[in-house]
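Participant: Build me a model from this:
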Amino acid sequence: MVSDRRLQLAPGGDDRSVVDLVGATPLIRLRLFEELAPDLEVYAKAEFLNPGGSVKDRPALWMLRDGIRQGRLTPGKTIIDSTSGNTGVAYAMLGAALGYPVRLVVPANVTEERKQLMRAFGAELVLSDPMEGSDGAIRLCRELLRQDRDRYFYPDQYNNPANWRAHYESTGPEIWEQTRGGVTHFLAGLGTSGTFMGTSRRLKELNPSVECVSLEPDDPFHGLEGLKHMASAIVPGIYDPGLADRHLLGPTGESYDLARRLAREEGLLGGHSSGLALWGVLQLIQGGVREGVAVLIFADGGDRYLSGGLYGGV
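Facilitator: Residues are numbered from 1 along each chain as shown. I've put the predicted structure just below:
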């Protein structure tokens, strides 16, 4: 006879699924700028430690749960969305865990690592024109949806308020608690803009004097995957530029250089947006910020870019 007893786990063990592991990421102290500003504490929010490897696990989970609660994501529906990679990995992972097929429209030039990760979780990929970037993927996704709307659940990450609510309800409170309310500066890059929007809104409610700094690439033909040059892109519906206390446009090359420095000097391998966030901290220091507690989002890890220009050949 087969026993129905559950395994008795050792202390510290539990029987949660991968879905329950999203969030609660740590802060990591960075020392890269200590000589320039010894009284400025700089911390990275280590979002690469989410189960899907990026900050996008949070909004993907919130959007899927929201769809289930509203009755729009039902058994038999296929999850479809456009993505530059990380949200796609999150959809693919969560779709597998929750029992939904996933179809993703992805620019053909995103790194092989991310395409392989999405496929490993069972997602079907539709590759869009690499020259059109994330905007081309958005347009193609909308065309596929128009052709067979009843087949799909479309979270629409660029326009879904559940995207920024994920960070309002999780990322912001975590940063506040982890710094014991001491955070003075918050920095994040803009893709869908959800991370910056939700986290900033929550931190501003908790302390209006927290300076929130948004960052984007300084050129339409930048090399910072996952980030948008807003002036030349389809602007996300959830984006509110008025929320930023300071908005910075940063260069690809210097962002890459800082990410490489961090890997070699502190053993921390960050992705493209991590390099831009580090560049943003440097701008604050050069602009006179010499003390406080700065928290920046490390949206993903550099292992997703080893085949590309960030670390390739270095």
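
Participant: now the helices for the stretch 101-250 of the chain?
Facilitator: With DSSP state H, counting those that start in this stretch applied, the stretch 101-250 of the chain shows helices at 112-120, 133-147, 161-166, 172-178, 194-206, listed in chain order.

Participant: roughly how far is the second one from the heart of the chain?
Facilitator: Chain-centre distance of helix 133-147: 21 Å, with CA atoms, centre = their mean, to the nearest Å.

Participant: Please list the outside residues in contact with that helix.
Facilitator: 80-84, 103, 105-107, 126, 128-129, 132, 152, 154, 158, 191, 228, 233-234 (CB atoms under 8 Å, 6 or more residues apart in numbering). Yep, even glycine has a C-beta here, placed from its N, CA and C like the rest.

Participant: Stretch 72-84 now?
Facilitator: 64, 67-68, 87-88, 91, 95, 99-107, 110, 128, 133-134, 137-138, 140-141, 144-145, 151-157, 191, 225-226.

Participant: Write the PyMOL selection for whichever of those are buried.
Facilitator: Here is the PyMOL selection string for the buried members of the contacts of stretch 72-84, based on 16 or more other CB atoms under 10 Å:
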select buried, resi 64+67+87+88+91+95+100+101+102+103+104+105+106+107+110+128+133+134+137+138+140+141+144+145+152+153+154+155+156+157+191+225+226
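
Participant: So, low pLDDT: which residues of the stretch 151-300 of the chain?
Facilitator: Along the stretch 151-300 of the chain, the model assigns pLDDT under 70 to no residue.

Participant: Which parts of the stretch 201-314 of the chain are strands?
Facilitator: 211-217, 246-250, 291-298 (DSSP state E, counting those that start in this stretch).

Participant: picking up where we left off before, next, check the contacts of helix 133-147 against the strands and list the overlap.
Facilitator: Taking DSSP state E as the definition of strands, the contacts of helix 133-147 contribute 80, 81, 82, 103, 105, 106, 107, 126, 128, 152.

Participant: how close does the nearest residue to residue 225 once chain neighbours are set aside sit to residue 263?
Facilitator: Nearest non-adjacent residue to residue 225, counting by CB to CB, 6 or more residues apart in numbering: residue 272, 5.1 Å away. Per CB to CB, to the nearest Å, residue 272 is found 13 Å from residue 263.

Participant: list the contacts for the residue lying closest to residue 268 once chain neighbours are set aside?
Facilitator: Closest residue to residue 268 apart from its sequence neighbours, by CB to CB, 6+ apart: residue 262 at 5.3 Å. With contacts defined as CB under 8 Å, 6+ apart, residue 262 is in contact with 30, 32, 268, 270, 274, 275, 278.

Participant: Could you list the domains of the protein?
Facilitator: 18-54+164-305, 57-153 (automatic domain parsing).

Participant: A strand includes residue 45, no?
Facilitator: Yes: looking at residue 45 with DSSP: H, G, I helix; E, B strand; the rest coil, it is inside a strand.

Participant: Just give me the neighbour total for it.
Facilitator: 26 (other CB atoms under 10 Å).

Participant: What distance do you get for the nearest residue to it once chain neighbours are set aside to residue 232?
Facilitator: In space, and not counting its chain neighbours, residue 45 is closest to residue 297: 5.2 Å by CB to CB, 6+ apart. For residue 297, the distance to residue 232 equals 23 Å [CB to CB].

Participant: Neighbour count for these two, which is higher?
Facilitator: Counting neighbours by other CB under 10 Å for residue 297 and for residue 232 shows that residue 297 has the greater number, 25 against 14.

Participant: List the residues that contact the more buried one.
Facilitator: Contacts of residue 297 (CB under 8 Å, 6+ apart): 44-45, 47, 55, 171, 187-189, 195, 199, 273-274, 277.

Participant: The same query, at a cut-off of 6 Å, please.
Facilitator: 45, 188, 195 (CB atoms under 6 Å, 6 or more residues apart in numbering).

Participant: can you put these in CSV and add distance to residue 177?
Facilitator: Putting these into CSV (distance: CB to CB, whole Å) gives the following:
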residue, distance to residue 177
45, 12
188, 18
195, 18
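
Participant: center of the chain - which residue?
Facilitator: The chain has residue 55 as the residue nearest its centroid, 3.5 Å off, counting by CA atoms, centre = their mean.

Participant: Would you agree that one is in contact with residue 45?
Facilitator: No: with contact defined as CB atoms under 6 Å, residue 55 does not count as touching residue 45 (8.1 Å).

Participant: count of neighbours near residue 236?
Facilitator: That count, for residue 236 with other CB under 10 Å as the rule, works out to 23.

Participant: what does residue 288 give?
Facilitator: Residue 288 has 7 nearby residues by other CB under 10 Å.

Participant: pLDDT score assigned to the closest residue to the residue nearest to the centre of the chain other than its chain neighbours?
Facilitator: Nearest residue to residue 55, sequence neighbours excluded (CB to CB, 6+ apart): residue 47, at 3.7 Å. Looking at residue 47, its pLDDT is 98.

Participant: and what of residue 113?
Facilitator: 89.
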